[in-house]
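Asks: got a structure for you, letters missing:
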DNA sequence: CCGTATTCTTTTGATATCAAACAATCATGT
DNA sequence: ACATGATTGTTTGATATCAAAAGAATACGG
């Protein structure tokens, strides 16, 4: 007796993945939200990821790559790449840490602050609309669920 | 009287974005989940995104790009690019739709089905672990929240 | 049948993403 | 001071991502 070799996977397996996979659902939702915020921030020439990175630079001590990467949930090498267009535009400066010359600190420039002042307003409006569309309860459930993933 | 031009954004604005931005939280969680599933699927040479795409091909009628893109929440042009490495490996075949020659249908190959049979098992185990780490309640809240974003 | 608008997909160009390998620096013990 | 191992970033190579524009084919109105 040979094993069956159907042309396709069992339909119930396909349905199971489609309806329950949190990874797929998260990628879908992340893409959708990214497009929404990208569109809103486009007049300022920022993407949602650049916005998040720039927000994180507003600390008394310019943060190092190594501290920023976990905060953004990304690989340090991704951050290295993401910094380049922003540095090119003069929105931040990469400066070596005098205390530890391996470390690079990302300092926001006055131009960066000026742009971010506008960007934060755009973010506020966009996020307000998003929360309105989701509803308060869904918003809290989603926020809690996403935070739980981070603690995984 | 001139406006104040501090070096940084107001700390409360920074905190507000950091603690409430659903876009940032979604990107973070999506990256984390992607890495987890990528690692689990790596022995099979698949990424989480390739897995999701391949699962979706298991339909009697090979789906067209235009139908798949919304399902995966991505731009059609992204899908066009994503198909190439999979087609190169012979896991799927791009075939023109005889009814509408603008449309391209993605047909999973027997090799694709064979690989996916293993991949679904990996997915099952990985997802079981994830749900265990999240807890049933968090899992449902997250799933509901992500679905709500899709309906936005 | 013809012309035009619409639909479906691809290309292009820029950025994003990660793993793996590498380079530079620091820290520690001797 | 030195050797060794750990830490911090970057580079490389492959894939992923989108918007805008362009190409190909269909649909629709006249």
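Replies: Structure received. Model, not experiment: these values are computed from the prediction.

Asks: where's residue A:48 relative to residue A:38, distance?
Replies: Separation of residue A:48 from residue A:38 (C-beta to C-beta, to the nearest Å): 5 Å. For glycine as for every other residue, the C-beta is placed from the backbone atoms N, C-alpha and C.

Asks: Ok, residue A:135 next?
Replies: As for residue A:135, its distance to residue A:38 is 23 Å (criterion: C-beta to C-beta).

Asks: more crowded one of those two?
Replies: residue A:38 (16 against 11; other C-beta atoms under 10 Å in any protein chain shown).

Asks: Residues of chain A that sit close to DNA strand D?
Replies: A:27, A:31, A:34-35, A:38-39, A:42, A:64-67, A:76-77, A:79-81, A:83, A:94, A:97, A:100, A:102-104 (C-beta under 7 Å from any atom of the strand).

Asks: Just give me the residue closest to the centre of chain A.
Replies: residue A:49 (4.8 Å; C-alpha atoms, centre = their mean).

Asks: pretty sure that one is in contact with residue A:82, am I right?
Replies: Yes: using C-beta atoms under 8 Å, residue A:49 makes contact with residue A:82 at a distance of 6.6 Å.

Asks: Report whether the strand of greatest length in chain A contacts DNA strand C.
Replies: Longest strand of chain A, by residue count under DSSP state E: strand A:100-108. Yes: using C-beta under 7 Å from any atom of the strand, strand A:100-108 reaches DNA strand C at A:100, A:101, A:102.

Asks: neighbours of whichever residue of chain A sits closest to DNA strand D, just the number please.
Replies: As assessed by C-beta to the nearest atom of the strand, DNA strand D sits closest to residue A:66 within chain A, at 2.3 Å. Residue A:66 is flanked by 12 other residues according to other C-beta under 10 Å.

Asks: low-confidence ranges in chain A?
Replies: Along chain A, segments meeting pLDDT under 70 span A:1-5.

Asks: How about the residues of it by DNA strand C?
Replies: A:47, A:49-50, A:73-75, A:77-78, A:81-82, A:85, A:88, A:100-102.

Asks: From residue A:119, how far out is the residue nearest to residue A:90 when sequence neighbours are not counted?
Replies: Of all residues beyond its chain neighbours, the one nearest residue A:90 is residue A:111 (5.3 Å), with distances taken as C-beta to C-beta, 6 or more residues apart in numbering or on different chains. Going from residue A:111 to residue A:119 by C-beta to C-beta gives 12 Å.

Asks: Looking at the two now, which is surrounded by more residues?
Replies: residue A:119 (23 against 12).

Asks: Which is the succeeding secondary structure element to the helix or strand harbouring the more buried one?
Replies: Counting by DSSP states H and E, the element that carries residue A:119 is helix A:110-134. Next along the chain after helix A:110-134, taking DSSP H and E as the criterion, comes helix A:136-150.

Asks: close to chain B, is the host helix or strand of residue A:30?
Replies: For residue A:30, the host element (DSSP H and E) is helix A:22-41. Yes: residues of helix A:22-41 are located near chain B by C-beta under 8 Å from any C-beta of the partner chain, namely A:22-34, A:36-37.

Asks: State whether residue A:62 is indeed within a strand.
Replies: No: counting by DSSP: H, G, I helix; E, B strand; the rest coil, one finds residue A:62 to be coil, located in no strand.

Asks: what's the burial count for it?
Replies: Other residues within reach of residue A:62, judged by other C-beta under 10 Å, total 18.

Asks: So it versus residue A:68, what's the distance?
Replies: Using C-beta to C-beta, we find residue A:62 at a distance of 10 Å from residue A:68.

Asks: Which neighbours do those two have in common?
Replies: residue A:106 (C-beta atoms under 8 Å, 6 or more residues apart in numbering or on different chains).

Asks: how about residue A:17, phi and psi?
Replies: phi -60, psi -50 (degrees, to the nearest 10).

Asks: who's in contact with it?
Replies: By C-beta under 8 Å, 6+ apart, the contact list for residue A:17 reads A:24, B:52, B:55, B:120, B:123.

Asks: Same question for residue A:34.
Replies: With contact taken as C-beta under 8 Å, 6+ apart, residue A:34 is in contact with A:47, A:48, A:49, B:23, B:26, B:27.

Asks: Swap in 10 Å and give it another go.
Replies: Going by C-beta atoms under 10 Å, 6 or more residues apart in numbering or on different chains, residue A:34 touches A:47, A:48, A:49, B:23, B:26, B:27, B:30, B:73.
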